[in-house]
Each structure stands twice: as C-alpha cells, then as structure tokens.
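Peer 1: What follows is a predicted protein model with its sequence.
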Amino acid sequence: MDAADFSAVLSEVRRFVRDRVVPLEAEIDEKDEMPADIREAAKKMGLFGFALPEEYGGLGLSMYEEAQLMFELGYTTPSLRSMFGTNNGIAGHVLIVGGTEEQKAHWLPRIASGDVLASFALTEPEAGSDPSTLTTRAHLDGDEWVINGAKRYITNAPLADVFMVFARTDPDAPRTRGISTFLVPAGTPGLTVAPKDHKMGQFGAWTADVFFDDVRVPASALVGGEDGLNRGFSTAMGCIAHGRVHISALMVGMAERLVDESVAYASTRKQSGKLIGSFQLVQGLIADSQTDYYAGRATVLEAARAFDAGTDTKIGPSCTKYFASEMVWRVADRAVQVHGGAGYMRGVAVERFYRDARLFRIYEGTSQIQQVIIAKALLGEAARG
C-alpha cells in the first residue's frame with residue numbers, strides 16, 4: 001500500500017478505536033457482546049480483509065504493515081480484533097496458502113467484506129498445542145466426504161458462516177501427514193455448535209465447541225482439491241506462523257494501553273498527601289512496563305520484516321509470540337499493582353485487561369510450545385537426544 005494511504009488507514013483506525021470502541025469497553029465486557037454498529041463500522045473500514053489480497057477485495061497489507069495496524073487495534077478490548085481477526089488470519093489464510101483458485105474466488109471476497117465470518121476448526125479436547133494428534137476423521141464415500149469428530153474452543157463458532165475443518169484423512173500416515181482441510185458451511189446437516197463458552201476474560205469474543213456427526217460435504221470442499229489431500233497440517237502451520245506475529249502485535253498495543261492507564265493513575269492518585277507517581281517504587285513499576293512495551297514493539301517489527309522477506313517464518317514468529325505474551329502479562333500485573341485496590345475492582349480498565357491478557361500465554365500455541373519450537377529449531381538433532 002502507498003505510504004500516504006497506509007498512514008491514513010492507521011489514523012482512521014486509531015480514531016475509531018479510541019473514540020468509538022474504548023468508551024464501550026465496559027459495556028462489551030458486561031454484556032459479552034460486540035455492538036452491531038461497531039461490527040458494521042469495521043466492515044465499512046475494510047477491517048475484515050486487511051490481510052487478504054487486494055485481488056479478492058482485501059487491503060493486501062504486508063506483515064509489517066499489519067503489525068502496525070494491530071498496534072492500534074490492541075489498544076482496546078481484544079474482542080474487537082477477534083471479531084475480524086480470524087477472517088484475516090488463520091481462517092482466511094487457509095485459502096490463501098492452500099485453496100484452489102475456484103475456492104479463493106468463491107470465498108475470499110465475501111470473507112474480506114465481512115459478509116462471511118470464518119472459523120478455524122483445528123483444536124480438539126485432546127489436541128491443543130499439538131494439533132498433529134487430532135482425531136476428527138473424514139472418509140470419502142462416493143463423491144462426498146463424511147466428517148466425524150469434535151472441536152473445542154473454536155473462535156467465532158456461534159456466529160460463523162463457514163468452518164475450516166481439519167480432519168484425519170489417512171489414519172495410517174505419520175501424524176503430521178494424514179490431515180486434510182475442508183470447507184464446511186454453517187447449517188450443514190450433522191454440524192452442531194454448542195452454547196458459547198463462559199471464559200475468564202475477552203468477553204465479546206465468543207468461542208464454542210463444534211461437533212460433526214456424519215457431516216457430508218462435496219469433494220469440492222477439500223481445500224486445495226486433490227492436491228490438498230493430506231496436506232492440512234502444513235497448511236495449518238503456515239497459517240499459525242502468520243497468526244503468531246499478528247497476535248503478538250495485538251499484545252504490544254495492549255501493553256501500550258496498560259502503560260498509559262498506569263501513568264494516568266499514578267499522575268492523579270494521591271497517598272499520604274502525595275501523588276503516587278512521586279514514589280520511586282511506583283516509578284520503577286512504570287519504567288519496567290515501558291521498557292517491556294518498547295522491547296515488545298521492536299521484537300514484533302523485526303519478526304514482521306523477516307516474515308515478509310521470507311527469511312524467518314518459524315523461529316521469529318515463535319520468539320515474538322513467546323516474548324509478547326509473557327511481556328503483556330507482566331505489564332498487566334504491574335498495572336494492577338500501580339492501581340492498588342482499585343486495580344482489583346470490576347469496571348476498572350486494568351482489571352479487565354488483566355483477565356484478557358492471561359489468554360495470550362495459551363492460544364496460538366502456549367509459551368511452553370514456543371520454547372520447544374525455538375529450541376528444536378536451533379538445536380536440530382541435538383534436541384532429540
């Protein structure tokens with residue numbers, strides 16, 4: 001995108017986030033629902049397709065540009081990003097990475113416009129951080145695929161129009177080589193979405209279990225066609241690597257907000273007749289958080305540059321996801337500490353962000369999984385003993 005145009009996009013998103021969404025955060029958290037007018041405004045701004053190719057109606061942002069956009073979106077409740085993040089990220093990229101031209105032409109323009117909400121159905125009750133152990137199965141019956149199994153914690157499942165479903169199509173193949181991906185429209189007979197989960201935080205972003213009981217889809221639903229058979233795991237990993245940089249940038253935006261909240265509170269709250277910002281131990285908490293934020297921002301931008309260049313699409317995304325998720329948790333914890341008792345009260349922004357931040361160390365691969373990925377990539381055979 002032209003630099004001037006991109007700057008205008010960032011400015012518009014910043015105004016939207018800070019003027020329209022931030023004032024609604026408490027309401028979104030309390031009602032566990034994103035207002036319809038915010039959803040419509042996001043669609044008009046092109047936020048459902050900012051990372052999708054221009055030829056399919058998206059904005060076609062690079063990873064570096066996307067990271068900067070996510071800094072702005074991360075300044076408010078993460079449920080805003082969740083509303084359209086899957087379309088841009090792990091679900092939309094399933095088609096970009098592995099879809100046929102016909103599948104891309106049919107689905108991507110509607111995904112980019114927000115007319116279709118997509119879900120990424122990979123995680124299972126016994127296959128979370130290691131999806132290669134998934135047990136959902138699909139077998140060919142004539143000219144139809146029949147899918148059976150269950151998925152857990154699927155983002156946007158209660159609202160989704162289409163599911164990108166990962167299922168084992170060759171039970172005899174090595175775990176990572178016998179998985180395929182299917183496009184399953186909502187409402188397909190046998191597909192059931194459970195009631196939405198009641199989570200610790202990130203209210204307004206809905207997740208739910210999804211069940212497949214003899215769900216039949218045509219052969220054309222296999223992502224990538226015949227060439228996509230048993231290639232679902234590599235497709236998923238490609239999408240998740242992009243998603244790790246994407247979500248890391250969101251955490252940086254949240255860290256910036258938490259620092260701002262801490263500074264504002266320390267600049268106005270008095271204790272023993274003095275502003276608490278004059279106490280050196282409070283200053284230390286804020287200085288540590290600003291340093292964490294600064295380092296996180298630099299880490300994400302470097303990972304995004306390398307991702308765009310194709311020089312690092314594995315270690316970099318894992319490093320930045322690991323660092324950013326642990327970083328924002330530290331910043332959130334310090335923000336609550338700066339606020340003292342007020343930071344433990346519902347309705348105070350840092351209390352809500354504290355609950356929201358905890359999830360980042362789990363999804364898109366836990367911190368422990370990132371450690372393993374990084375170490376194995378560096379150590380090679382030595383990591384196997």
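Peer 2: Arrived safely, thanks for sending.
Peer 1: Centre-most residue in this structure?
Peer 2: Ile247 (5.0 Å; C-alpha atoms, centre = their mean).
Peer 1: and it, that one's in a helix?
Peer 2: Yes. Assessed with DSSP: H, G, I helix; E, B strand; the rest coil, Ile247 lies in a helix.
Peer 1: check contacts around it.
Peer 2: Met70, Gly85, Gly89, Lys321, Ala324, Phe360, Tyr363, Glu364 (C-beta atoms under 8 Å, 6 or more residues apart in numbering). C-beta coordinates here come from the backbone N, C-alpha and C atoms, glycine included.
Peer 1: The fifth one falls within a helix, correct?
Peer 2: Yes. Judged by three-state DSSP, Ala324 forms part of a helix.
Peer 1: show me where the stretch 101-250 of the chain has strands.
Peer 2: For the stretch 101-250 of the chain, the strands defined by DSSP state E, counting those that start in this stretch occupy 118-121, 137-141, 144-155, 162-168, 179-185, 191-193, 207-218.
Peer 1: So which elements touch the second one?
Peer 2: In this structure, strand 137-141 makes packing contacts with strand 144-155, strand 162-168, judged by 3 or more C-beta pairs under 8 Å, 6 or more residues apart in numbering; DSSP states H and E.
Peer 1: Alpha carbons only: can I get stretch 6-13 in CSV?
Peer 2: Once non-C-alpha atoms are left out, stretch 6-13 reads as follows in CSV (Å, rounded to 0.1, in the frame of the first residue of the first chain):
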residue,chain,number,x,y,z
PHE,A,6,-1.4,3.5,4.8
SER,A,7,-0.9,6.4,7.1
ALA,A,8,-4.4,7.5,6.5
VAL,A,9,-5.7,4.0,7.3
LEU,A,10,-3.8,3.9,10.6
SER,A,11,-5.1,7.4,11.5
GLU,A,12,-8.7,6.3,10.8
VAL,A,13,-8.4,3.1,12.8
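Peer 1: which intervals of the stretch 151-300 of the chain have sub-threshold pLDDT?
Peer 2: Along the stretch 151-300 of the chain, no part satisfies pLDDT under 70.
Peer 1: the helices in it, which residues?
Peer 2: Secondary structure of the stretch 151-300 of the chain (DSSP state H, counting those that start in this stretch): helices located at 232-266, 280-309.
Peer 1: Now find how far off-centre the first one is within its chain.
Peer 2: How far helix 232-266 lies from its chain's middle: 8 Å, per C-alpha atoms, centre = their mean, to the nearest Å.
Peer 1: Name the residues of it that are buried.
Peer 2: Within helix 232-266, the residues scored as buried using 16 or more other C-beta atoms under 10 Å are 232-233, 235-236, 238-259, 261-263, 265-266.
Peer 1: Verify the contact between Pro218 and Glu144 for me.
Peer 2: Yes. Using C-beta atoms under 8 Å, Pro218 makes contact with Glu144 at a distance of 5.9 Å.
Peer 1: So those two - more neighbours on which side?
Peer 2: Shown here are Pro218 and Glu144; by other C-beta atoms under 10 Å, Glu144 has more neighbours (14 against 11).
Peer 1: thinking again about what came up before, and the helices and strands packed on strand 137-141, which is most packed in?
Peer 2: Of all these, strand 162-168 has the most neighbours on average by mean count of other C-beta atoms under 10 Å, namely a mean of 26.
Peer 1: quick one on the thing from earlier: can you redo the strands of the stretch 101-250 of the chain as JSON lines with distance to Thr299?
Peer 2: Below are the strands of the stretch 101-250 of the chain laid out as JSON lines (distance: least, C-beta to C-beta, whole Å):
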{"stretch": "strand 118-121", "distance to Thr299": "25"}
{"stretch": "strand 137-141", "distance to Thr299": "39"}
{"stretch": "strand 144-155", "distance to Thr299": "25"}
{"stretch": "strand 162-168", "distance to Thr299": "29"}
{"stretch": "strand 179-185", "distance to Thr299": "30"}
{"stretch": "strand 191-193", "distance to Thr299": "36"}
{"stretch": "strand 207-218", "distance to Thr299": "27"}
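Peer 1: for the residue lying closest to Arg110 once chain neighbours are set aside, what are its contacts?
Peer 2: Leaving aside its chain neighbours, Arg110 sits nearest to Val116 (4.0 Å; criterion: C-beta to C-beta, 6 or more residues apart in numbering). Going by C-beta under 8 Å, 6+ apart, Val116 touches Asn87, Trp107, Arg110, Asp161, Val162.
Peer 1: now swap in Asn156 and tell me
Peer 2: Contacts of Asn156 by C-beta under 8 Å, 6+ apart are Ser82, Met83, Thr86, Leu117, Ala118, Ser119, Ala205, Trp206, Thr207.
Peer 1: Please tell me how far Gln337 sits from Leu281.
Peer 2: 10 Å (C-beta to C-beta, to the nearest Å).
Peer 1: okay, the two: which has more neighbours?
Peer 2: A direct count of neighbours by other C-beta under 10 Å for Gln337 and Leu281 places Gln337 higher, at 15 against 9.
Peer 1: Make sure the more buried one is actually in contact with Tyr344.
Peer 2: No. Contact criterion C-beta under 8 Å: Gln337 and Tyr344 do not qualify, at 10.1 Å.
Peer 1: picking that back up, what's the spacing between the residue nearest to Arg110 and Thr123?
Peer 2: Val116 is 21 Å from Thr123, where distance means C-beta to C-beta.
Peer 1: now Val13
Peer 2: Val13 sits 29 Å away from Thr123, going by C-beta to C-beta.
Peer 1: and if you look at Glu72?
Peer 2: For Glu72, the distance to Thr123 - C-beta to C-beta - is 28 Å.
Peer 1: Hmm, Ala332 and Leu258 touching each other?
Peer 2: Yes. Using C-beta under 8 Å, Leu258 is in contact with Ala332, at 5.7 Å.
Peer 1: Overlap of the contact sets of these two?
Peer 2: Common neighbours of Leu258 and Ala332 (C-beta under 8 Å, 6+ apart) are Val350, Phe353.
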